[in-house]
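Undergrad: I would like to see how this sequence folds:
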Amino acid sequence: MFAAQNMIAQGPPPPPSGGHAQPGNSPNGGGGAPIGGGLGILLALGAAYGGKKVFGLIQHQEKLEE
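TA: Reported below is the predicted structural model:
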């Protein structure tokens, strides 16, 4: 029971190497990454895809009525 204390699977992680997330490197909370442009593009693509699906459904319904 006491020997199991010494059998850990991995050692502790190495200390940070001076890269990202050092004090003064970037603010907490993700910084100032702009998401407005990408979000607008995704919304426009989603609306276009939805419009295409609706248009296809209407065309299919008209074909069935003939």
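Undergrad: Tell me which stretches of the chain form helices.
TA: Taking DSSP state H, the helices of the chain run over residues 36-65.
Undergrad: Low-confidence regions, it specifically.
TA: 1-8, 16-33 (pLDDT under 70).
Undergrad: can you do 90?
TA: Across the chain, residues meeting the criterion (pLDDT under 90) sit at 1-39, 64-66.
Undergrad: Count residues in the vicinity of Ile58, would you?
TA: When counting by other CB atoms under 10 Å, one arrives at 10 neighbours for Ile58. No exception for glycine: its C-beta is placed from N, CA and C like everyone else's.
Undergrad: Count the neighbours of Val54 for me.
TA: For Val54, using other CB under 10 Å, the count is 10.
Undergrad: try Gly50
TA: With other CB under 10 Å as criterion, Gly50 counts 10.
Undergrad: next one: Glu65
TA: 6.
Undergrad: what's the answer for Gly46, then?
TA: Neighbour count for Gly46, taken as other CB under 10 Å: 10.
Undergrad: How about Gln61?
TA: Neighbour tally, Gln61, other CB under 10 Å: 9.
Undergrad: Gly37 now?
TA: Gly37 has 8 nearby residues by other CB under 10 Å.
Undergrad: what do you get for the one 10 residues further on?
TA: Residue neighbour count, defined by other CB under 10 Å, stands at 10 for Ala47.
Undergrad: quick one: it and Val54, what's the gap?
TA: 11 Å (CB to CB, to the nearest Å).
Undergrad: again, but for Pro13
TA: According to CB to CB, Pro13 stands 51 Å off from Val54.
Undergrad: How many neighbouring residues does Gly56 have?
TA: Neighbours of Gly56 (other CB under 10 Å): 10.
Undergrad: how close does it sit to Leu42?
TA: For Gly56, the distance to Leu42 - CB to CB - is 21 Å.
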